[in-house]
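1. Quick one, what's the 3D model for this:
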Amino acid sequence: MTTLLQINTSLFAEGGTSSKLAQRFVDTWREQHPDSRVVTRDLGREPLPHLSAERFQAFLTAPDQRDASQQAHVAASDELIDELKAADVIVLGLPMYNFGIPSTLKAYFDHIARAGVTFRYTANGPEGLLPDRKVYVFAARGGQYQGTPRDTQTRYVIDFLNFVGLKDIEFVYAEGLNLGDASRQAALDNAEARIDQLAA
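-> Below you'll find the predicted structure:
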């Protein structure tokens with residue numbers, strides 16, 4: 001059975017534009033894969049705590065030396081990582097907030113970046129330990145940023161996913177959503193057409 005992991009990061013949960021674009025892909029994809037399983041993690045509805053010194057220390061502590069609190073922190077991180085490992089396809093809804101990624105997504109990344117678990121340092125540099133698989137990123141933005149220095153999202157997301165081993169990444173952009181009705185509709189039409197091509 002094929003498993004798809006859908007990660008929504010919009011403050012508006014499933015009501016956000018990025019979540020709706022991701023959902024369109026998932027719905028179309030499921031039509032082509034009726035025996036598939038979809039797992040949804042909504043970071044808008046259920047945000048993760050931001051990384052703290054206590055949590056980070058728990059990750060660094062040897063398993064046989066962790067106290068109950070540290071073990072609980074590690075177990076929560078392990079759950080996220082196991083969820084990623086079990087997915088054959090990953091779908092990420094990505095709104096832009098104040099020129100960056102949602103803080104909830106940064107927290108998620110901080111929870112899954114674990115030395116010796118999802119990456120390791122070698123003599124040749126860092127090596128991702130997650131098996132590669134397809135990642136679709138649906139980026140919704142109020143302005144026009146793609147290909148400009150203000151697009152801080154694309155490179156960062158690619159760099160992080162590459163760092164943990166995920167390299168087969170496809171971005172679909174819906175930009176200019178706040179630049180008037182015509183701009184918004186054109187952006188959504190283009191994104192939805194691309195989604196239908198990718199999911200078919």
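2. Using the three-state scheme, assign the residue nearest to the spatial centre of the chain.
-> Centroid-nearest residue in the chain: Leu92, 4.3 Å away (criterion: Cα atoms, centre = their mean). Judged by DSSP: H, G, I helix; E, B strand; the rest coil, the three-state class of Leu92 is strand.
3. what separates it from Glu83, distance-wise?
-> 13 Å (Cβ to Cβ, to the nearest Å). For the C-beta atoms, the positions are set from N, CA and C on the backbone; glycine is no exception.
4. Could you report the neighbour count for Leu21?
-> 26 (other Cβ atoms under 10 Å).
5. Pretty sure it sits in a helix.
-> Yes. Per three-state DSSP, Leu21 lies within a helix segment.
6. Can you say which helix or strand has the residue nearest to it when sequence neighbours are not counted in it?
-> The shortest distance from Leu21 to any non-neighbouring residue, by Cβ to Cβ, 6 or more residues apart in numbering, is to Phe138 (4.0 Å). Counting by DSSP states H and E, the element that carries Phe138 is strand 134-140.
7. now Glu54
-> Counting by DSSP H and E, Glu54 is found in helix 53-60.
8. Helices of the chain, start to end?
-> 17-32, 53-60, 68-86, 103-112, 152-163, 181-199 (DSSP state H).
9. tilt between the fifth one and strand 134-140?
-> Helix 152-163 and strand 134-140 are oriented at 160 degrees to each other (axes from the mean of the first three to the mean of the last three Cα atoms, to 10 degrees).
10. what's next to helix 152-163, contact-wise?
-> 92, 94, 96, 99-101, 109, 113, 119, 126, 128, 135, 137, 139, 145-146, 167, 169, 171 (Cβ atoms under 8 Å, 6 or more residues apart in numbering).
11. Now it: average pLDDT?
-> Throughout helix 152-163, pLDDT has a mean value of 98.
12. Identify the residues contacting the closest residue in space to Thr104 that isn't next to it in sequence.
-> Closest residue to Thr104 in three dimensions, ignoring its sequence neighbours and counting by Cβ to Cβ, 6+ apart: Leu43, at 4.0 Å. Residues in contact with Leu43 (Cβ under 8 Å, 6+ apart) are 7-9, 102, 104-105, 107-108.
13. ok, the residue lying closest to Asn178 once chain neighbours are set aside to His73 distance?
-> In space, and not counting its chain neighbours, Asn178 is closest to Gly142: 3.5 Å by Cβ to Cβ, 6+ apart. Gly142 is 36 Å from His73, where distance means Cβ to Cβ.
14. Between the two, which is the more surrounded one?
-> A count of neighbours by other Cβ under 10 Å puts His73 above the other of Gly142 and His73, at 21 against 16.
15. That one and Glu54 touch, don't they?
-> Yes. When contacts are counted by Cβ atoms under 8 Å, His73 is listed as touching Glu54 (7.2 Å).
16. show me what contacts Thr104?
-> Here Thr104 is in contact with 9, 43-44, 47-48 (criterion: Cβ under 8 Å, 6+ apart).
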